[in-house]
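Trainee: Predicted model and sequence below, questions to follow.
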Amino acid sequence: MSNETLRFEEAMSKLEDIVQKLESGDVPLEDAITLYKKGMELSAYCHGKLQDAEEQLITIIDKEGKPTSFNPAKGQDSDE
């Protein structure tokens, strides 16, 4: 299954499994390297999904009905 068809929750579950296996210390070195690489890919995928979700959540609709970005650090008056 490629990352593009993977749901966020499934990716997180796979990442947690990898972390548990690596933390157990019972994984041969070659397998640990492979697991680590897969874990890094899953981590990057999850990070990207979270960034996409954040961008969607902070987009608001202005008075004219057009989507506009909202900067939560600046608050409601982002023109300042």
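Mentor: Received, thanks. Numbering: from 1, shown residues only.
Trainee: For the closest residue in space to Lys49 that isn't next to it in sequence, give me its contacts.
Mentor: Sequence neighbours aside, Phe8 is the residue nearest to Lys49 in space, at 4.7 Å (criterion: CB to CB, 6 or more residues apart in numbering). Every C-beta, even on glycine, is put in place using the N, C-alpha and C of the backbone. Contacts for Phe8 (CB atoms under 8 Å, 6 or more residues apart in numbering) come out as 46, 49-50.
Trainee: try 10 Å
Mentor: Phe8 sits next to 45-46, 48-50, 52-53 when contact means CB atoms under 10 Å, 6 or more residues apart in numbering.
Trainee: again, but for Leu35
Mentor: Leu35 neighbours (CB under 10 Å, 6+ apart): 17-19, 21-22, 27.
Trainee: where are the low-confidence patches of this protein?
Mentor: Across the chain, the ranges flagged by pLDDT under 70 are 1-4, 61-63, 69-72, 75-80.
Trainee: how about the strands in this protein?
Mentor: Counting by DSSP state E, one finds strands in the chain at the ranges 59-61, 67-69.
Trainee: Can you mark which positions in the longest helix anywhere in the chain are buried?
Mentor: Identified as the longest helix of the chain according to DSSP state H is helix 29-57. Under the neighbour-count criterion of 16 or more other CB atoms under 10 Å, helix 29-57 has 35, 39, 42, 45-46, 49 buried.
Trainee: which ones are touching Thr34?
Mentor: Going by CB under 10 Å, 6+ apart, Thr34 touches 18, 27-28.
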